[in-house]
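K.L.:
Pasting the sequence and the predicted coordinates here, then a few questions.
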Amino acid sequence: STSWLLLAVALLPATVGVMGGGGCQVRLLSEASCKDGGECPYQLALPPLTLQLPKELHLLETTAKELQILRTTVDQLRNSCQACGPRADRSMQGDRAEVPGPDSEHGRQGPSVREMQAKMSRMSNSLRNARSQIGSLQGRLEELTLLNMENVEAMMNSKVQNLTGALKQLSYSCSSQCSAQASPQFLVAPRDCSDYNVPGKRNGLYRVTPDPRNGTFEVLCDMESYGGGWTVLQQRLDGSVSFNRTWDAYKHGFGNLRGEFWLGNDRIHLLTKAKDMVLRVELEDFEGVREYAKYERFYVADELLRYRLSVGGYSGTAGNALRFNKLYDHDQKSFTTPDKDNDMYPSGNCGAFYSSGWWFDACMAANLNGKYYNKPYKGVRNGIFWGTWHNMSNEYYPTNYRQSFKTVKMMIRPKNYTP
Ligand SMILES: [Ca+2]
């Protein structure tokens with residue numbers, strides 16, 4: 001754009017001059033030089049004009065310059081040739097002191113020829129060099145091509161071989177170490193007591209991880225009764241722990257795992273969610289009668305579903321109190337505590353009325369979290385209750401005392417467990 005601007009500025013005065021007529025000056029050169037015939041010379045002053053010429057003209061200029069130089073050289077050569085003889089003599093006489101030796105004649109006469117010869121030889125040398133360089137470059141190019149096509153393949157093959165070897169070594173060392181160390185128990189954290197049940201295990205406290213996202217906790221394991229592998233959810237032994245507790249207490253569990261306790265609704269949910277579980281209820285009264293109820297299906301939902309109970313598939317000796325009849329059915333019932341009424345009884349809170357947390361209907365045919373009585377009792381039936389106990393039908397008569405239980409135990413085990 002700069003060159004365009006320069007051109008425009010240079011052309012502008014000319015254009016203006018012609019258009020305006022003021023810039024164009026035509027005048028007589030001189031009156032004195034006018035001839036007698038009246039022919040006076042005129043001087044025409046044109047405004048400066050700059051023209052943009054194609055750049056190839058520069059070559060023309062260069063060529064002209066070179067031509068000029070060549071002409072000068074030729075002239076010089078011609079001159080020196082013409083003055084060959086006399087100049088050589090003069091130079092031999094005059095320059096002897098400074099330019100000694102027999103070559104001085106040639107030194108004066110043919111420097112341009114010798115220079116040109118030297119130049120020629122230098123040029124031919126460099127030409128040879130260039131040619132040999134080109135040759136070597138071509139050779140390298142071919143080598144590189146060969147490297148690309150063949151050597152890379154070989155290199156890759158060797159690398160693949162190395163990797164395969166390393167892989168074999170790794171798999172060998174892994175398999176040999178693993179087989180030496182591992183049994184499945186170390187690979188998967190025990191989810192409930194059944195995962196611990198190898199021969200020689202005894203009743204006690206074990207850590208279980210039913211759901212790795214929800215941590216690990218301790219449980220009481222019954223490893224001896226009925227094939228073992230039982231995770232105990234609840235235990236009543238002596239009445240030392242009150243089961244008249246809040247929603248929060250039943251959620252997190254309470255009591256002592258070595259004595260009386262409720263494991264906690266969150267944990268019961270996790271355990272029954274991890275595997276299909278069987279529930280076994282153990283009951284013993286103060287007359288020494290021991291009976292059990294077993295359910296093939298036992299699941300407790302999470303807190304959002306109010307720990308709803310799913311229970312079914314009864315077998316046993318104590319009777320199916322959890323699913324007594326249509327009016328008293330604990331299956332699919334939410335958990336209720338004295339401070340949280342989720343029961344089916346519209347006029348009040350079964351948990352508050354019977355002093356416990358349980359899956360109350362309206363209200364119950366069973367309540368294993370009732371008050372612990374160490375002997376028959378009267379009044380509200382708020383004790384541990386199993387509605388199908390063998391003597392339940394005549395408990396009111398003639399004494400009107402209510403049945404009490406000495407020990408209660410609720411425990412679960414995977415349905416597919418084999419002792
Ligand atoms: Ca209610």
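P.N.:
Now that the structure is in, tell me what you want to look at.

K.L.:
I'd like to know which helix or strand in the chain has the lowest mean pLDDT.
P.N.:
In the chain, the helix or strand scored least confidently by mean pLDDT, DSSP states H and E is helix 2-20, which has a mean of 39.

K.L.:
if I pick the residue of the stretch 151-300 of the chain found nearest the ion, what's in contact with it?
P.N.:
Going by CB to the ion, the ion is nearest to residue 247 of the stretch 151-300 of the chain, at 13.9 Å. (Each C-beta comes from the backbone N, C-alpha and C, glycine too.) Neighbouring residues of residue 247 by CB atoms under 8 Å, 6 or more residues apart in numbering: 335, 337, 339, 340, 357.

K.L.:
Quick one: name the residues of this protein near the ion.
P.N.:
341, 343, 345 (CB under 5 Å from the ion).

K.L.:
ok, now with 6 Å
P.N.:
341, 343, 345, 348, 349 (CB under 6 Å from the ion).

K.L.:
which residue packs closest to the second one, ignoring adjacent ones?
P.N.:
Yep, that's residue 343 we're talking about. residue 360 (3.9 Å; CB to CB, 6 or more residues apart in numbering).

K.L.:
ok, of the contacts of residue 247, which come out buried?
P.N.:
335, 337, 340, 357 (16 or more other CB atoms under 10 Å).

K.L.:
So the nearest residue to the first one once chain neighbours are set aside: helix, strand or coil?
P.N.:
In other words, residue 335. Spatial nearest neighbour of residue 335, excluding adjacent residues (CB to CB, 6+ apart): residue 307 at 3.9 Å. In three-state terms, and counting by DSSP: H, G, I helix; E, B strand; the rest coil, residue 307 is coil.

K.L.:
where does this structure dip in pLDDT?
P.N.:
1-44, 46-57, 84-111, 146-149, 152, 171-187, 197, 394-399 (pLDDT under 70).

K.L.:
just the helices in it please.
P.N.:
For the chain, applying DSSP state H gives helices covering 2-20, 56-82, 84-94, 104-109, 111-146, 152-181, 184-187, 247-252, 265-274, 350-353.

K.L.:
before we move on, the earlier item: so the residue nearest to residue 335 makes contact with residue 273?
P.N.:
No - counting by CB atoms under 8 Å, residue 273 is not a contact partner of residue 307; they are 11.8 Å apart.

K.L.:
more neighbours, those two?
P.N.:
Higher neighbour count among residue 307 and residue 273: residue 307, with 24 against 16, using other CB atoms under 10 Å.

K.L.:
residue contacts, that one?
P.N.:
So residue 307 contacts 265, 268, 269, 300, 301, 334, 335, 359 (CB under 8 Å, 6+ apart).

K.L.:
Next, count neighbours for the fourth one.
P.N.:
Spelled out, that is residue 300. 25.

K.L.:
Might one say that it is in contact with residue 330?
P.N.:
No - Residue 300 is beyond contact range of residue 330, at 11.6 Å (criterion: CB under 8 Å).

K.L.:
Common neighbours of those two, please.
P.N.:
Counting by CB under 8 Å, 6+ apart, the residues touching both residue 300 and residue 330 are residue 309.

K.L.:
separation between residue 411 and the ion?
P.N.:
Residue 411 sits 29 Å away from the ion, going by CB to the ion, to the nearest Å.

K.L.:
Now that residue. Nearest residue, chain neighbours left out?
P.N.:
residue 230 (4.0 Å).

K.L.:
what sits opposite the one you found in the beta ladder?
P.N.:
residue 222 (DSSP bridges).

K.L.:
on that earlier part again, biggest separation within the contacts of residue 307, which pair?
P.N.:
268 and 334 (13.9 Å; CB to CB).
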